[in-house]
Every structure is written in structure tokens, then in C-alpha cells.
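Asks: Sequence and computational prediction follow.
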Amino acid sequence: HVILLRGGLLPHYADPLTHLACLLAAAVHDLEHLGLTNDYLINSENQLAQLYNDRSPMENHHLAAGFSLLRRPDLNFISSLPRHDRDKLRKTMIELVLATDMKQHFSIH
């Protein structure tokens with residue numbers, strides 16, 4: 001939030017939907033963290049590593065847990081958004097949270 005505001009991204013660069021996606025991504029980026037590294041999960045053949053095919057298992061789990069919460073009727077405050085906006089919000093959150101896997105910062109695509 002501070003980076004968005006003091007960094008000058010709001011209101012000129014990031015629209016309100018992107019701002020919301022950033023806030024939600026920040027809120028879920030370590031949701032239900034096990035306190036173990038992705039490498040440990042992969043090397044120990046943990047269920048999360050298998051579920052997410054050894055690709056950022058913790059980050060994928062954080063996202064899945066967050067989206068699961070947002071599906072609950074008592075927490076689903078985004079249900080009234082148009083489908084296009086919900087899709088954009090989801091895509092942005094996914095990109096932001098997956099980017100927190102530091103190992104991916106050094107991969108060559």
C-alpha cells in the first residue's frame with residue numbers, strides 16, 4: 001500500500017481494480033505457510049509439491065487458500081464485480097503472489 005501510494009503508482013498508474021488485487025495479494029501471500037521452503041517440500045515429496053507439480057508449491061497454496069476464502073458466501077465481496085473484472089483481479093493476484101517465489105527471479109525463460 002505504501003509503495004503504491006508513495007511510489008506514485010496511485011492514482012495514475014494503477015486503477016482501483018489493480019489496487020485491490022495488490023492489497024489482496026499482500027494479504028494472502030503467506031496464507032497457511034508451513035514454515036518450509038519450496039525446495040524442502042519438493043525434495044521431501046510433500047503433498048503440496050505433488051499437487052502443484054513442483055512449481056512454487058507454497059505460493060500456489062497461498063493463492064488456492066485465498067481464493068477458497070473468497071468463494072465463501074460470507075467473504076465473497078467480489079461476487080458483484082463483472083466477470084471480466086473478477087478475471088483480471090484473479091490474474092493479477094496470481095502474478096503477484098507467484099512472483100514472491102524468489103527462486104523464480106533467477107530462472108531463464
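Replies: Thanks, I have it. Numbers count the residues shown, from 1 in each chain.
Asks: Centroid-nearest residue for the protein?
Replies: By CA atoms, centre = their mean, the chain has its centre lying nearest to Val97, at 3.2 Å.
Asks: Does it touch Val28 like I think?
Replies: Yes: applying CB atoms under 8 Å as the test, Val97 and Val28 come out as touching, 6.6 Å apart. Any C-beta I mention is one placed from the backbone N, CA and C, and that applies to glycine too.
Asks: list residues touching both of the two?
Replies: By the contact definition CB atoms under 8 Å, 6 or more residues apart in numbering, Val97 and Val28 are jointly contacted by His62, Leu63, Gly66.
Asks: Just name whatever secondary elements the helix or strand where Ala26 lies is in contact with.
Replies: Using DSSP states H and E, Ala26 sits within helix 16-28. With contacts defined as 3 or more CB pairs under 8 Å, 6 or more residues apart in numbering; DSSP states H and E, helix 16-28 has these neighbours: helix 57-71, helix 83-98.
Asks: Look up how far Phe67 lies from the residue of the chain positioned farthest from its centre.
Replies: Most distant residue from the mean C-alpha position of the chain: Ser44, 23.9 Å away (CA atoms, centre = their mean). Per CB to CB, to the nearest Å, Ser44 is found 25 Å from Phe67.
Asks: swap in Met102?
Replies: To Phe67, Met102 is 22 Å away according to CB to CB.
Asks: Ala27 now?
Replies: 12 Å.
Asks: What ranges in this structure fall below the confidence cut-off?
Replies: Along the chain, the model assigns pLDDT under 70 to residues 1-6, 8-12, 105-109.
Asks: please redo it, this time with the cut-off set to 80
Replies: Along the chain, segments meeting pLDDT under 80 span 1-14, 104-109.
Asks: re the thing from before, between Met102 and Phe67, point out the one with more neighbours.
Replies: Using other CB atoms under 10 Å, the more surrounded residue of Met102 and Phe67 is Phe67, with 14 against 9.
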